[in-house]
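K.L.:
Any chance you can model this:
(2 chains)
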Amino acid sequence: MMNFRTFILGLAASFGLPWLCLIVIPTVQYQHLAPIAYDKEKDGVDFTSYPPANINGQGQLVYIREGCNQCHTQMIRPVQLGLDGWYKGWGEDQEARPSAPVRPNVLRDYLGEKYALLGVQRVGPDLANYGWRAPDANALHQHLYAPRSVHEWSNMPAYPGLYKVQKIQGQVSNRALKLPKKFAPPAGYEVVPTPEADRLVEYLLSLKKAYPVPGQSAVAAAPAPASK
Amino acid sequence: MQTNPSTPDTELQADNLRRAAIDKSVKGPVLFLFTNGAFWLMLSTILGVLSAIKLVEPGFLDGCPYITYGRLQPAHINALVYGWGLQAALGVMLWIMARRSGQELKTGKSLMITAGVFWNITITIGILAILMGKSTSIEWLEMPKFVWPVLLVCFLCFAWPIARMFGRAFRPEGFMVSTWYILGACFWFTWIFITANVTLHCLPNLGALGAGIDAWYIHGVILLFFVPVGVGSAYYFIPKITGQPIASAQLASAGFWTLAVLGGWTGMQKYMGGPLPAWMSAVGACAGVLLLIPVGLVGLNHHLTTIGKHNAVAASPTLRFVFFGALFYPISGLVLALNSAFWTGASLQFTQSWYSFQMVSVYGFFSMSVFGAIYYIVPRLSGCEWLSVRLIRNHFWFSVYGVGTIVIMSLVAGLQQGADLNDPGHWDQSFMNHVINSRPYVVSRAVAWALISFSNFMFLFHLLLMVAGLGRRSTAPTLLHREHDEHALPAHA
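P.N.:
Numbers count the residues shown, from 1 in each chain, chains lettered A, B, ... in the order given. Now for the predicted structure:
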């Protein structure tokens, strides 16, 4: 029937083929993936190359450490599969009913990231293009410090560890969060963000993964930047 | 096969002595793995309760930054997979391989115990690191980078002797399907684990491809490690206890090789529609659905073997657990197919149905089969019988109902979440509907994990008594006789 060597060879061959095709060859090919230069006239963007910005690594570390990807994805699917692209505020267009869907993400959108945080589940909204819909930094700090002060139904954890409650010395710090009464610290105290919270907020504000792909018509992909 | 011309009686006795010698030779490492695994299982289920509560009420135990959902959930999964799953699997693999190949474990016992100690210390550090904020956020590989080489070496300290036993006893004419699966599990896990860790931890910047490799790793560990161990032990214990030979060798062989061929292709469909090249997720989806073939073949074979023997399922604790584990195998295949096919997967993607798949395969299928194996193996190693029918029965029913609830509720929650996400009525609104609609499912998950914790407490307690040698002194095994069910059982039953 079958001897030991044939058995092992059979195992190696049956597993080696998918291993080669799905892991080894794509990994080698990925090393050659490089940013593409924008053609200013055709693409209508001000950046020189795509993807335009480097990722904020310091802030991403906080995002990784806290396991944000357990509940937040960073991936927009094409409309024929999921209807993410039409969701309010999930792209650059902040209208309640966007005129065109957000483009789905492609491999190059995550170029330069050690590990793309595509996400485990969507307990909370997608964050691929959060930078465009985010409120200003102070409001974002309030959201991270006390999510339920923003949405009373929220199931997002609070991150008091990223903030410092300190005694007000002289004047109230200009960094102090403006919190509703229920979430505010005791009188005479104020809540200020730590440097880590600042990095995390910078990272969240930098999440803009829907820049037009060079060569693809910017008008079709995202009409708003074309008018600039 | 050396058979001496002797009376059947002395032959039987010699056979029993040989078995006892084999059991004695693996006793230390196997009991070590089971006991430590049971502790981790206990911890993991408690973390499961906590993380489900935190998902509904994030303010629960407020002020402790170590137990936000984002840290608890990976700790819960890692304790389940590396603490319980791998240790229990290695224990079962070692024992079945020694018995099936008729070989005593001659050398390397103390090396195994040392490896086991290192394994547990490393996992403890790794899981504490996740809770203290050193998580890598790479799903199923959240423990810090330095953990994986230690785990790999410890795994090989067990896998290598197991493979050696297989090699020494290999008989081309004899068909040994359970040992095929167990050798396959040793082989595949090593390969998958090295690949995933080298690519994700040692290569620079893989971006979205890294996420794809991680999804491949998770599916690989489930389909090519947990599934083979579960199926292998089912193939060992079902014929052993029912006294029936495996119904069809052809079905068994076909089930093995289809799994071997398809298992490595699946995984990347987790990110269907995502940034990965489309063919990758398409191939994964295709393999995910085609895996229904090996699942069906194995299921059919078990069904044909156990047909007409269902009273043995009621009486023997081992067979009861293994049988229900084997029932969960087709269910896990079905959940995988639902998650994989683009048709249904598009709405189940990024929902709790992903958790449903992990739990039905790691808990419903794998752990239930392994519980059955433990109920068979431990009395033979510790020299005493299980103390209490009631503890076993409670363990069984709370586990079945608990894990059934988790699987069904997570799957239905997935349908709900997918429908909410694709409902045009919600597009211009906040995420409120999603959060509120999924609450009841998560509450039921918390309750189910609490039931399972309770059942595992009984299991751990019972196991510790056995390991301490405080079991029943009897030659008759502890059985769950059906006719006794109606009456109050005497305490010593």
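K.L.:
what about A:Ala96, how many neighbours?
P.N.:
10 (other C-beta atoms under 10 Å in any protein chain shown). Bear in mind the C-beta positions are built from the backbone N, C-alpha and C, glycine included.
K.L.:
what does the one 3 residues further on give?
P.N.:
Look at A:Ser99: counted by other C-beta under 10 Å, it has 8 neighbours.
K.L.:
Then A:Pro52?
P.N.:
Counted with other C-beta under 10 Å, residues neighbouring A:Pro52 total 13.
K.L.:
any idea how far it is from A:Tyr211?
P.N.:
Distance, A:Pro52 to A:Tyr211, by C-beta to C-beta, to the nearest Å: 6 Å.
K.L.:
Give me the common contacts of these two.
P.N.:
A:Val45 (C-beta atoms under 8 Å, 6 or more residues apart in numbering or on different chains).
K.L.:
what kind of secondary structure is A:Asn105 in?
P.N.:
coil (DSSP: H, G, I helix; E, B strand; the rest coil).
K.L.:
Report pLDDT for the residue of chain A found nearest chain B.
P.N.:
With C-beta to the nearest C-beta, the shortest gap between chain A and chain B falls at A:Gly67, namely 2.8 Å. pLDDT recorded at A:Gly67 is 94.
K.L.:
which residues of the chain score low on pLDDT?
P.N.:
No chain was given, so I picked chain A. Counting by pLDDT under 70, chain A shows low-confidence ranges at A:1-2, A:217-228.
K.L.:
try again with chain B
P.N.:
B:1-8, B:170-175, B:481-493.
K.L.:
Closest residue of it to chain A?
P.N.:
Across chain B, no residue is closer to chain A than B:Gly70, which sits at 2.8 Å (C-beta to the nearest C-beta).
K.L.:
Contacts only, for that residue.
P.N.:
By C-beta under 8 Å, 6+ apart, B:Gly70 lies in contact with A:Glu66, A:Gly67, A:Cys68, A:Asn69, A:Gln70, A:Cys71, A:Pro157, B:Ser135.
K.L.:
Show me which of those residues is closest to A:Leu17.
P.N.:
A:Asn69 (30.7 Å; C-beta to C-beta).
K.L.:
Any idea how many residues pack against B:Gly274?
P.N.:
B:Gly274: 32 neighbours (other C-beta under 10 Å).
K.L.:
Find the residue closest to it in space, skipping its chain neighbours.
P.N.:
Closest residue to B:Gly274 apart from its sequence neighbours, by C-beta to C-beta, 6 or more residues apart in numbering or on different chains: A:Met75 at 4.9 Å.
K.L.:
now B:Ser444
P.N.:
B:Met409 (4.6 Å).
K.L.:
count of residues packed around B:Leu128?
P.N.:
13.
K.L.:
Repeat that for B:Lys309.
P.N.:
Applying other C-beta under 10 Å, I find that B:Lys309 has 15 neighbouring residues.
K.L.:
residues touching it, list them.
P.N.:
B:Lys309 neighbours (C-beta under 8 Å, 6+ apart): B:Thr242, B:Gly243, B:Gln244.
K.L.:
Can you give me the distance of it to B:His302?
P.N.:
On the measure of C-beta to C-beta, B:Lys309 and B:His302 end up 11 Å apart.
K.L.:
on that earlier part again, any idea which element the residue nearest to B:Ser444 lies in?
P.N.:
Per DSSP states H and E, B:Met409 falls inside helix B:389-421.
K.L.:
for that helix, packing partners?
P.N.:
helix B:317-340, helix B:342-348, helix B:353-359, helix B:368-382, helix B:432-467 (3 or more C-beta pairs under 8 Å, 6 or more residues apart in numbering or on different chains; DSSP states H and E).
K.L.:
Now do it and helix B:317-340, the angle between them.
P.N.:
Helix B:389-421 runs at 10 degrees relative to helix B:317-340, counting by axes from the mean of the first three to the mean of the last three C-alpha atoms, to 10 degrees.
K.L.:
hang on, isn't the residue nearest to B:Gly274 packed against A:Ala128?
P.N.:
Yes. With contact defined as C-beta atoms under 8 Å, A:Met75 reaches A:Ala128; the gap is 5.9 Å.
K.L.:
Residues that sit against both of these two, list them.
P.N.:
Shared contacts of A:Met75 and A:Ala128 (C-beta under 8 Å, 6+ apart): A:Asn105.
K.L.:
helix/strand/coil for the residue nearest the centre of chain B?
P.N.:
With distances taken as C-alpha atoms, centre = their mean, B:Phe366 lies nearest the centre of chain B, 3.1 Å away. Put simply, B:Phe366 is helix when judged by three-state DSSP.
K.L.:
so how far is B:Ala282 from it?
P.N.:
28 Å.
K.L.:
same question, A:Glu41
P.N.:
Counting by C-beta to C-beta - A:Glu41 and B:Ala282 are separated by 36 Å.
K.L.:
Among these two, which residue is more densely surrounded?
P.N.:
For A:Glu41 versus B:Ala282, neighbours defined as other C-beta under 10 Å are more numerous around B:Ala282 (14 against 6).
K.L.:
which outside residues touch stretch B:333-342?
P.N.:
By C-beta under 8 Å, 6+ apart, stretch B:333-342 touches A:81, B:266, B:269-270, B:272, B:282, B:284-285, B:287-289, B:291-292, B:295-296, B:344-345, B:348-349, B:353-354, B:356-357, B:360-361, B:407, B:411.
K.L.:
what sits against the residue nearest to B:Ser444?
P.N.:
Applying C-beta under 8 Å, 6+ apart, the residues near B:Met409 are B:Tyr441, B:Ser444, B:Arg445, B:Ala448.
K.L.:
got the residues of the stretch 101-250 of chain B near chain A?
P.N.:
B:133-139, B:142, B:167, B:170, B:172-173, B:175, B:180, B:183-184, B:187-188, B:191, B:195, B:199-200, B:203-214, B:216, B:224 (C-beta under 8 Å from any C-beta of the partner chain).
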